[in-house]
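A.B. asks: this is the structure alone, sequence omitted:
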């Protein structure tokens, strides 16, 4: 499924993160126009997991059953997520393999410029049931990413142009 116009956080689409995964945390407003379709796709994965014997219907009601779509407001209130998650839902999509990455023109994106936590993307993801080592739930695989536009950085970092605006090397050499 392709989810349009998500804000990315913890974006690792060109190189794997510390866990060795390519990943993006997709942040969506609570009123995102595709929310019902996302919930339906997750429920379809739940039913596939039950049908395949990975877990029972009763186990899907357990507090320990992992679901990929989470409430950012609740996690802000508990201190697990920063304030920009408030009023949003989010899901973590990842893969062991690098996703395809394209720019707004659907051509391969060769430069990392503008791709950071806070940028906006369309993400091609897939939901799947899992049952491993006593953990059960629905995972979210990251297939492809389309960079849409830059957004306000979530990591507080600024560009070099902003950091050194108005400075000249000659001023510091005297």
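C.D. replies: Happy to help now that I have it. Please read all numbers here as calculations on a predicted model, not as lab measurements.
A.B. asks: going by C-alpha atoms from here, please, whenever you check contacts or count neighbours.
C.D. replies: OK.
A.B. asks: any idea how far residue 63 is from residue 137?
C.D. replies: Look at residue 63 and residue 137: by CA to CA, to the nearest Å, they are 11 Å apart.
A.B. asks: please disregard the earlier target; I meant residue 107.
C.D. replies: 35 Å.
A.B. asks: those two: who's more crowded?
C.D. replies: Using other CA atoms under 10 Å as the criterion, residue 107 and residue 137 rank with residue 137 on top: 22 against 10.
A.B. asks: spatially central residue for this structure, please.
C.D. replies: residue 25 (2.0 Å; CA atoms, centre = their mean).
A.B. asks: just the helices in this protein please.
C.D. replies: Ranges of helices within the chain are 35-51, 72-77, 160-163, 169-173, based on DSSP state H.
A.B. asks: can you list the buried residues in the longest one?
C.D. replies: Neighbour counts using 16 or more other CA atoms under 10 Å place 35, 38, 41, 42, 45, 46, 47, 49, 50 of helix 35-51 among the buried residues.
A.B. asks: contacting residues for the fourth one?
C.D. replies: With contact set as CA atoms under 8 Å, 6 or more residues apart in numbering, residue 42 has these partners: 67, 68, 127, 138.
A.B. asks: between those, which is closest to residue 87?
C.D. replies: Nearest to residue 87, judged by CA to CA, of the contacts of residue 42 is residue 68 at 16.9 Å.
A.B. asks: so that closest one makes contact with residue 140?
C.D. replies: Yes. Counting by CA atoms under 8 Å, residue 68 touches residue 140, with 6.4 Å between them.
A.B. asks: who touches both of those two?
C.D. replies: What both residue 68 and residue 140 touch, as defined by CA under 8 Å, 6+ apart, is the set 91, 92.
A.B. asks: about what we covered before: which of the contacts of residue 42 sits closest to residue 18?
C.D. replies: For the contacts of residue 42, the nearest to residue 18 is residue 68 (20.2 Å; CA to CA).
A.B. asks: please consider this matter closed, and thank you.
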